[in-house]
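>>> Predicted model and sequence below, questions to follow.
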Amino acid sequence: MMKEDFPMMIWNPYGGMMAKISESEIPFPHRKGVIFKIQYLTVWPDSDTRSSKHIKWIKDLYRYMMPYVSSNPRQAYVNYRDLDLGKNKKNAKSSFKRSQVWGAKYFKDNFKRLVLIKSMVDPENFFRHEQSIPVNPIPKLSS
């Protein structure tokens, strides 16, 4: 059994009205067939020198839960940013290829549309962070 000082697992039920909205209607695609969103957490005080212990625990829990959660791709909720999925290089131009790694997990097929929109609205990529939508040109979407 894995031990941790302050383990948390938050389960948010999905379904109902959420399942009635198409995956492609808005950027948030996790709808039909998704039963729960699960958030794994642990906390420790800044004074705790065992950060690696806590990080190892959460990674072990992530691996343990793997058979029970979505796959192909493993999905993620964008408002619980997970930098272990990948990130843009600091002070470098975002790349579509690099961003697609986490973009597909957060947005599924909507990621390509979000890149097109970001490229039109913020072509200089002023609004950016470690996992922001890139502005790189990508092939046009088929109609």
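Yep, it's here.
>>> now do the same end-to-end measure for stretch 41-48.
End-to-end distance for stretch 41-48: 16 Å, by CA to CA, to the nearest Å.
>>> same thing with stretch 106-113?
13 Å.
>>> Let me see the contact set for T42.
By CB atoms under 8 Å, 6 or more residues apart in numbering, the residues touching T42 are E4, D5, F6, P7, M8, H54, W57, I58. Using the backbone N, CA and C atoms, a C-beta is placed for each residue, glycine as well.
>>> How much space separates it from K3?
Separation of T42 from K3 (CB to CB, to the nearest Å) stands at 11 Å.
>>> before we move on, back to that, just the ones of the contacts of T42 in helices?
Under the assignment DSSP state H, those contribute H54, W57, I58 to helices.
>>> residues in contact with the second one?
Think W57. When the contact criterion is CB under 8 Å, 6+ apart, the partners of W57 are M2, K3, E4, P7, T42.
>>> Kindly recompute the last result at 10 Å.
Counting by CB atoms under 10 Å, 6 or more residues apart in numbering, W57 makes contact with M2, K3, E4, D5, P7, Y40, T42, W44, R50.
>>> where does the closest residue to D5 other than its chain neighbours sit relative to K97, distance-wise?
Counting by CB to CB, 6 or more residues apart in numbering, W44 is the residue found nearest to D5 once chain neighbours are left out, at 6.5 Å. To K97, W44 is 35 Å away according to CB to CB.
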